[in-house]
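Chemist: okay, predicted coordinates and the sequence, questions at the end:
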Amino acid sequence: MVGHITQRLVLEVTNEEDYPFDYFDNYSYSLSNDTEPAVPCEREEELQAFYAVFQPLVYSLMFLLGMLGNGVMLAILLRRRARLHGTEIYLFHLALADLLLLFTFPFSVTEVTVGWIFGDILCKVLGMLSKVNFFCGVLLLACISFERYLAVVHAVRTLRGGRHPQSVHLTCFAVWLLSITLSTPHAAFLSVAGDGNDSIGLACHLYGHGIHDNNWLMASRFLTHMVGFILPLSMMSYCYAAVVLVLHRTQQKQRSLEKRRAVRLALVITAVFCLCWLPYNITTLMDTLMMLNIISRGSCEELTRANMALAVTKSLGYAHCCLNPLLYAFLGVRFRRELRVLSHAACCCWDSGSLSMAPAWRSQASSKISVSEGDVTTN
């Protein structure tokens with residue numbers, strides 16, 4: 001309120017969700033009062049310049065690192081697919097979900113740089129694919145925490161019950177089905193249209209459904225907060241806290257290096273999940289409250305900073321899919337051993353030596369693997 005005249009923000013374009021192929025809530029708006037005409041915000045070009053530099057750089061880096069890490073983890077799991085236990089089955093589906101999410105990044109980068117050039121069908125398909133794999137990824141993290149909870153806290157009951165791989169696969173199927181169900185309405189509202197700036201071109205947004213766009217936007221953000229953050233964080237916190245308590249009690253009698261590592265890993269997993277996704281959920285919640293006029297939108301400059309914050313925090317959240325292989329796979333002894341085997345196999349494929357040297361190379365490689373496994377088992 002300035003000079004007893006209430007100022008209000010007039011939306012000139014329907015506010016769109018920044019998920020997944022847009023300019024992070026890049027709506028143009030005007031700051032006006034009851035007596036003066038609407039004056040458009042003049043910081044849109046500044047926002048576009050920021051997105052055009054930030055998103056291609058960060059998304060390209062995440063794409064390369066994520067594809068490498070999740071691809072290697074998927075390859076290791078496929079090598080021993082007949083011997084996968086419960087947690088490894090979840091890791092297989094997690095790596096698949098992360099890879100599919102990373103697959104959408106180049107399309108998002110292209111949209112920021114030259115506009116959406118892939119048509120309306122791909123707009124809907126890739127938009128839905130991004131949300132499906134987002135929900136699937138975080139729900140699988142919750143499933144992994146519950147699997148470890150059962151294995152440690154209820155170890156005897158779990159062994160007697162005989163957790164079969166089929167039941168884990170059914171759980172993963174249910175997670176995929178739930179994620180698709182939650183994401184299907186998003187595809188229905190997505191379409192390709194201009195965003196009011198000819199220099200940018202077309203964009204894949206929530207267009208053409210009027211007030212229903214905003215209604216779905218509110219529902220989508222509610223699902224993102226509840227299903228995509230609060231529910232998995234609550235389950236992870238409870239399960240890993242129980243695991244830590246059980247391991248701490250057993251450590252009073254038997255100080256085990258593996259148990260101390262398990263405790264640290266449980267704490268790191270929960271902390272990294274919070275670090276990656278908490279800033280985005282806070283920023284999105286603040287933006288939602290602004291949309292509902294519960295809190296003031298402030299000036300054009302403040303809105304610009306809010307949009308930039310959405311871009312940065314969402315990228316931080318997506319970085320979690322690059323960290324999953326490190327946290328859940330490569331810190332494990334078994335995965336590191338399998339990685340050595342896979343590395344030797346890859347070197348064998350690239351070996352340009354003569355055929356006469358191949359047997360000696362294989363003998364040397366196998367001896368190295370044998371020593372490695374011995375070192376692991378003695379730790």
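Modeler: Right, received. Where do you want to start? Just so it is clear, the structure is predicted and the values come from calculations on it, not from any experiment.
Chemist: what segments of the stretch 201-350 of the chain are helices?
Modeler: Taking DSSP state H, counting those that start in this stretch to define them, one finds helices in the stretch 201-350 of the chain at 211-225, 231-251, 257-291, 300-318, 320-325, 333-350.
Chemist: swap in the stretch 51-200 of the chain?
Modeler: 86-103, 105-114, 119-153, 155-161, 165-189.
Chemist: that older thread, tell me which of the helices of the stretch 201-350 of the chain sits nearest to A174.
Modeler: Closest to A174 of those, according to C-beta to C-beta: helix 231-251, at 14.3 Å. For glycine as for every other residue, the C-beta is placed from the backbone atoms N, C-alpha and C.
Chemist: in PDB, could you pull the C-alpha coordinates for that closest one?
Modeler: What follows is helix 231-251, C-alpha atoms only, in PDB (Å, rounded to 0.1, in the frame of the first residue of the first chain):
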ATOM      1  CA  LEU A 231       6.000 -37.900   2.000                       C
ATOM      2  CA  PRO A 232       9.400 -39.300   0.900                       C
ATOM      3  CA  LEU A 233      11.300 -37.100   3.400                       C
ATOM      4  CA  SER A 234       9.000 -38.200   6.300                       C
ATOM      5  CA  MET A 235       9.500 -41.900   5.400                       C
ATOM      6  CA  MET A 236      13.300 -41.500   4.900                       C
ATOM      7  CA  SER A 237      13.700 -39.600   8.200                       C
ATOM      8  CA  TYR A 238      11.700 -42.200  10.100                       C
ATOM      9  CA  CYS A 239      13.300 -45.300   8.500                       C
ATOM     10  CA  TYR A 240      16.800 -44.100   8.700                       C
ATOM     11  CA  ALA A 241      16.400 -42.800  12.300                       C
ATOM     12  CA  ALA A 242      15.200 -46.200  13.300                       C
ATOM     13  CA  VAL A 243      18.100 -47.800  11.400                       C
ATOM     14  CA  VAL A 244      20.600 -45.500  13.200                       C
ATOM     15  CA  LEU A 245      19.100 -46.300  16.600                       C
ATOM     16  CA  VAL A 246      19.300 -50.100  16.100                       C
ATOM     17  CA  LEU A 247      22.900 -50.000  14.800                       C
ATOM     18  CA  HIS A 248      23.900 -47.700  17.700                       C
ATOM     19  CA  ARG A 249      22.600 -50.200  20.200                       C
ATOM     20  CA  THR A 250      24.500 -53.100  18.600                       C
ATOM     21  CA  GLN A 251      27.600 -51.000  18.400                       C
END
